[in-house]
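Asks: Make a model of this:
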Amino acid sequence: MGIEWGNELQVLGQHVGYSALAVGFAVLIGLPLGVAIGHSGRGRNVMLAVFGVLRALPTLGLLTWLTLALPLGVRMPLVPSTIVLVVLAVPPVLAAAQSGVVSIPRPIVDAAVAMGLNTRQVVWSVELPLALPTILGGIRSCALQVIATATIAAYVGLGGLGRYLLDGMALRDYPLMLKGAVMVTVLALVVDGLFALVLKGRKV
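Replies: Okay, here's the model as predicted:
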């Protein structure tokens, strides 16, 4: 089913929705794991290797397989689409969280422990605030990758900016494909700019 040229806001909203959902799940998964690994120093190589292998899988092939393999994959294509995007999105968040915590000078953590802070308080009051710029950088990278890749949702019947690319290819409507590509690029630049402002604000 094709899309009309006047549906830009609807299609853009769908794309943003798919991307935000995947980034949200990636943060919920990657941030706690990354902080835990950075704090304890355990499991880093194993976790990064696991997600690295998953990330190396062909995105479109994985999407097709999940759509056919999951019980609700065909009837609820948002599920396999989100899983694929989350697999792509978790590694940058995980790596940034782990790196941000590890980069904190050890004397600062030791001083917090000497003041009587328990593990939970050290993580929330010391490590997370100090690692936040690095973590935001990882979420920034994650968001840009997801925005660029969320076009694959159109291949399993969902909307988003991928509809312009898929329908344009089917109809040989190259201006429509160009429109989709430009909109994805502009969206990525806008999101990147917003993250840059947030990061700049934290440095002031």
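Asks: And the nearest residue to residue 86 once chain neighbours are set aside, how far from residue 135?
Replies: Spatial nearest neighbour of residue 86, chain neighbours left out: residue 25 (4.7 Å); criterion: C-beta to C-beta, 6 or more residues apart in numbering. In this view, the C-beta of every residue, glycine as well, is placed from N, C-alpha and C. Residue 25 sits 16 Å away from residue 135, going by C-beta to C-beta, to the nearest Å.
Asks: which one of these two has more residues nearby?
Replies: More crowded of residue 25 and residue 135, by other C-beta atoms under 10 Å: residue 135, with 22 against 16.
Asks: Isn't the more buried one up against residue 98?
Replies: No: the pair residue 135 / residue 98 is not scored as a contact, 9.7 Å apart, by C-beta atoms under 8 Å.
Asks: Check the contact lists of the two and give me the overlap.
Replies: The contact sets of residue 135 and residue 98 overlap at residue 34 (C-beta atoms under 8 Å, 6 or more residues apart in numbering).
Asks: Please pull up the helix or strand immediately following the helix ranked longest in the chain.
Replies: If you go by DSSP state H, the chain has its longest helix at helix 8-40. Moving toward the C-terminus from helix 8-40, the next helix or strand (DSSP states H and E) is helix 44-56.
Asks: show me what contacts residue 7?
Replies: No contacts exist for residue 7 under C-beta under 8 Å, 6+ apart.
Asks: And stretch 67-79, what's buried?
Replies: 67, 73, 77, 78, 79 (16 or more other C-beta atoms under 10 Å).
Asks: which residues touch the third one?
Replies: In this case it means residue 77. 67, 153, 156, 157, 158.
Asks: Next, count neighbours for the last one.
Replies: In other words, residue 158. 18.
Asks: secondary structure class for it?
Replies: coil (DSSP: H, G, I helix; E, B strand; the rest coil).
Asks: Can you show me the helices along the protein?
Replies: Remark: helices assigned in the chain by DSSP H are 8-40, 44-56, 59-69, 78-102, 106-114, 119-122, 128-149, 162-171, 174-203.
Asks: With mean pLDDT added, can I get those helices in JSON lines?
Replies: Rendered in JSON lines, the data for the helices of the chain read as follows (pLDDT from 0 to 100):
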{"stretch": "helix 8-40", "mean pLDDT": "93"}
{"stretch": "helix 44-56", "mean pLDDT": "75"}
{"stretch": "helix 59-69", "mean pLDDT": "88"}
{"stretch": "helix 78-102", "mean pLDDT": "92"}
{"stretch": "helix 106-114", "mean pLDDT": "88"}
{"stretch": "helix 119-122", "mean pLDDT": "87"}
{"stretch": "helix 128-149", "mean pLDDT": "94"}
{"stretch": "helix 162-171", "mean pLDDT": "90"}
{"stretch": "helix 174-203", "mean pLDDT": "90"}
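Asks: Please identify the deepest-packed of the ones you listed.
Replies: helix 78-102 (a mean of 23; mean count of other C-beta atoms under 10 Å).
Asks: And that helix, how far out from the chain middle?
Replies: Put simply, helix 78-102 sits 6 Å off its chain's centre (C-alpha atoms, centre = their mean, to the nearest Å).
Asks: do you know how far residue 54 is from residue 146?
Replies: Counting by C-beta to C-beta, the gap from residue 54 to residue 146 is 15 Å.
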